[in-house]
Structure formats: structure tokens, C-alpha cells
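[1] 3D model of this:
(one chain, ligands or ions: 3)
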Amino acid sequence: MAPNISAPTGVLMETDEEVPMVPHIPEVKKSQEHKLHLVWRNIILFAYLHIASVYGVYLMFTSARIYTSLWGFLLYQLGGLGITAGAHRLWAHRSYKAKWPLRLLLTFLNTLAFQDAVVDWARDHRVHHKYSETDADPHNATRGFFFAHIGWLLCRKHPDVRAKGKGIDLSDLYNDPILKYQKKLYLLLMPIICFIIPTAIPMYLWDETFTNSFCINLFRYTFTLNATWLVNSAAHMFGHKPYDRYISPSENVSVAVLAMGEGWHNYHHTFPWDYKTSELGKYSTNFTTAFIDFMARIGWAYELKTVPEDLIKKRVLRTGDGTHELWGWGDSD
Ligand code: ST9
Ligand code: ZN
Ligand code: ZN
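    Ligands and ions are numbered 1, 2, ... in the order given. Take a look at the predicted model:
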């Protein structure tokens, strides 16, 4: 069936997705025994990052200028968009298309968030969706909150991640010259964009001290990381399941706010091609959707994919946990 374009916003309504007639019930089995190989470099770096961030919060309330905190907040939102609108909704899921200026902007913002090159991020995320809650899922939430949150970054990956991941098609990502150069130049670009520029600007523009500027930027980075990790941990464990009660991902409003719209995870795992990653895409709990809609208005984003209302309704009735009406709260954005 051909996709149809809805009038005012040019939103592409995807109507030809295959919807399984029988509810998908993932086999939740205990992680197979395998030798855990800790990566001490990461354990030390993440411990340092969190300790320095606590000091950054202390400095925010004692000696730093208010502009430095506001700058940190702005960078959290901008870097966040590089992950949500960029790595996640554009590149991992192809839920909309973007012209090159937007792809360049999102690559810059993505590097500001330092969560590794987009191609690697999107590879792990595609594997996560395809093999959720199995050993092939890089942050398999059946291994507990800590593992899904940060533990998976402190040890070598389970062999199944590598084995199953080999079957994932990434040609679209490797064919994008902007992403190719981000990956190639990552070790040069990342320190400049994520640490040096964010620290230097408060020092030159409003005479902030190096220590205040550096530690508050580390706090900004660590906060963004934890907001992202909460999608893998909390939103895979706590919340309602109005769309599919047979999967772990859940609707989690707190995570949605912190992660700029990415906490509506039961919907997202049920309909991963929707650019809103939620049914309603309310701007108040989904700033990323507001950003993509704005980009669509100026013509930089196009072919935004959504899910027809009747398809959602059918799915809610067939596999939902009966809490759907709870999430229809309010109509305005
Ligand atoms: C970070 C990432 O924090 C966070 C991602 C979170 C994702 C969340 C998604 C939720 C939805 C979206 C919500 C967004 C919300 C945002 C809110 C914002 C406000 N398939 O990886 P290696 C193979 S990063 C196929 O080293 P090890 C491959 O051959 C933080 N093959 O595995 C690869 O070689 P290459 C900063 C795969 O050695 C080789 O294995 N970064 C796959 O086991 C080695 O790969 C860090 O701290 C696959 N999926 O080491 C670095 N994976 O790459 C952290 C691997 O050359 N990472 N292969 O092709 C590491 O140090 C290591 O990856 C490791 C594992 C130690 C964790
Ligand atoms: Zn996703
Ligand atoms: Zn997930």
C-alpha cells in the first residue's frame, strides 16, 4: 500500500508496516553464563566523571556565575537533540529525512553529547530493538537496573551482541559522508566540541574560572548521559504498557521529561518508525518533536513518519494493558 501524505505538515503516514496478528511474546530467559570481562579504564573514567560532576553541582551553588549554569542547561538541551533527533530518530530509525544542513547540525550536536560516533550508537540501538531483553541486546534489562543503566559500558559485550549484530544492515549509515567523517575524525572532534569549547566560552565571555567552567560542563555531560541511560534502565522497567503488555519497555513520564521525549518507550518499541516516539508527541514532554516539527516548517526535515490512529487503536485493544486512556491526558501542547 502506498504511503499517504497528510495535508498541512507533510507528515508521511506509514500504512504498510507489517503488524503481527499474534502478540509477540519475547522469550525472557536468564542471561547465559559467560565470563564477565570488566573494563577498568571505563570504571575509573565514569567514577571520576560522577565525582567531578557532584563537585560541579557544589560549585554551581557556591562560586559559579549564574550564566555558567544556564550555559550548561543550554548545552544539555542542544547535545540532547544530537542524540534524540539525530542518532535516535533520524539515523537509528530513519523516522524522517533531513537535508544536509540539518544532518551537519545534528552531527555537531551529537558530538557535543559524546556518546560515540553515530554509526556505532545506531548499530547498538538497532540491535537493541531487534533483540530486546535477550543476551544480544547490548543493555539487556533482564540483567538488572544497574547493568541496563551503566554496567553494560563497564564490561565487554556479550558474544551474542557481536554475533547477532553482524546481521544488521548499516549501509545507509556508512553511505552518509557526514557520518563517515564524524567517525573518522571522532577522536579529534569530540574533545574540542564536547569539552574544550564548552569550557572556554564561559571563561572568555563572562570571566568564569577554569575550575567552575570545567566541572559544570562535566556535570552537564554526565547529566545528559544519565538521562539517556534512564531510557534503557527505568523506561524498560517502570511504567504502564498501553500498547503492548508483552514487552518490557514502558511509558515513563519522568524519563520522557529528562530525555526530551524519549520516555514513551512502550509506544516506541511498538511503533519504532514514528518520528514522535510517542502517540501524542506533546511538546511539553517531547521537546524533540517540537524541534523536528520546526525543522519540517523550514524545509530541513521532511517525510516525517507517523502511525495512523486506527492502527494504534487496534493495537491498543489487541495487546495493551488497559491503561491507554490514562495517557490521553489533556489535548493542548
Ligand atoms: C554512551 C552510549 O553512553 C549510550 C547509548 C544509550 C542508548 C540509549 C538508547 C535509548 C533510546 C534513545 C533515547 C535517547 C535519549 C537522549 C536523552 C538526551 C537528553 N553489532 O563496542 P566494542 C563488534 S557512550 C555488531 O568496543 P567491546 C564490532 O566488530 C559514553 N558488532 O565492544 C566492534 O568493532 P568496531 C561514552 C558489534 O570490546 C567490536 O565488536 N563512550 C556490535 O565488547 C568491538 O566493539 C564510552 O564511554 C554490535 N552491536 O567493548 C565508550 N558491538 O566498533 C564506552 C560491537 O571497530 N564503550 N561489535 O566495528 C566501550 O568502551 C566499549 O564499547 C565497551 C564494550 C567496553 C562497552
Ligand atoms: Zn529506538
Ligand atoms: Zn529500549
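
[2] how about the residues of the protein near ligand 1?
    39, 42, 80, 83-84, 88, 114-116, 120-121, 123-125, 127, 138, 153, 156-157, 161-162, 165-166, 224-225, 227-228, 231-232, 259-260, 262 (CB under 6 Å from any ligand atom). (Each C-beta comes from the backbone N, C-alpha and C, glycine too.)

[3] Next SSE downstream of whichever helix or strand residue 72 is part of?
    In this assignment (DSSP states H and E), residue 72 forms part of helix 66-81. Once the chain leaves helix 66-81, the next helix or strand it forms, by DSSP H and E, is strand 97-98.

[4] ok now that next one, how far from the chain's centre?
    Averaging C-alpha positions (CA atoms, centre = their mean, to the nearest Å) puts strand 97-98 17 Å from its chain's average.

[5] next helix or strand past that strand?
    Downstream of strand 97-98 (by DSSP H and E), the next one is helix 100-113.

[6] Show me how far that following helix is from its chain's centre.
    14 Å.

[7] Among the residues of the chain next to ligand 1, name the buried ones.
    80, 83-84, 88, 114-116, 121, 123-125, 127, 138, 153, 157, 161, 165, 224-225, 227-228, 231-232, 259-260, 262 (16 or more other CB atoms under 10 Å).

[8] about what we covered before: kindly export the helix holding residue 72 (C-alpha atoms) in CSV.
    This file holds the C-alpha atoms of helix 66-81, laid out as CSV (Å, rounded to 0.1, in the frame of the first residue of the first chain):
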residue,chain,number,x,y,z
ILE,A,66,24.5,32.0,37.0
TYR,A,67,25.3,32.3,33.3
THR,A,68,27.6,29.2,33.6
SER,A,69,24.7,27.1,34.9
LEU,A,70,22.4,28.5,32.2
TRP,A,71,25.1,27.7,29.6
GLY,A,72,25.2,24.1,31.0
PHE,A,73,21.5,23.8,30.7
LEU,A,74,21.5,25.0,27.1
LEU,A,75,24.3,22.5,26.2
TYR,A,76,22.3,19.7,27.8
GLN,A,77,19.3,20.5,25.5
LEU,A,78,21.4,21.0,22.4
GLY,A,79,23.6,17.9,23.0
GLY,A,80,20.4,16.0,23.8
LEU,A,81,18.9,16.9,20.4
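
[9] rewinding a little: which ones among the residues of the chain next to ligand 1 lie within helices?
    Counting by DSSP state H, the part of those found in helices is 42, 80, 120-121, 123-125, 127, 161-162, 165, 224-225, 227-228, 231-232.

[10] Give me the spatial nearest neighbour of the residue in the stretch 101-250 of the chain that ligand 1 sits nearest to, chain neighbours excluded.
    Nearest residue of the stretch 101-250 of the chain to ligand 1, counting by CB to the nearest ligand atom: residue 165, 1.9 Å away. Excluding the flanking residues, the one nearest residue 165 by CB to CB, 6 or more residues apart in numbering is residue 127, at 4.6 Å.

[11] Kindly report the same for residue 168.
    Computed as CB to CB, 6+ apart, the closest residue to residue 168 that is not its neighbour in sequence is residue 126, at 5.0 Å.
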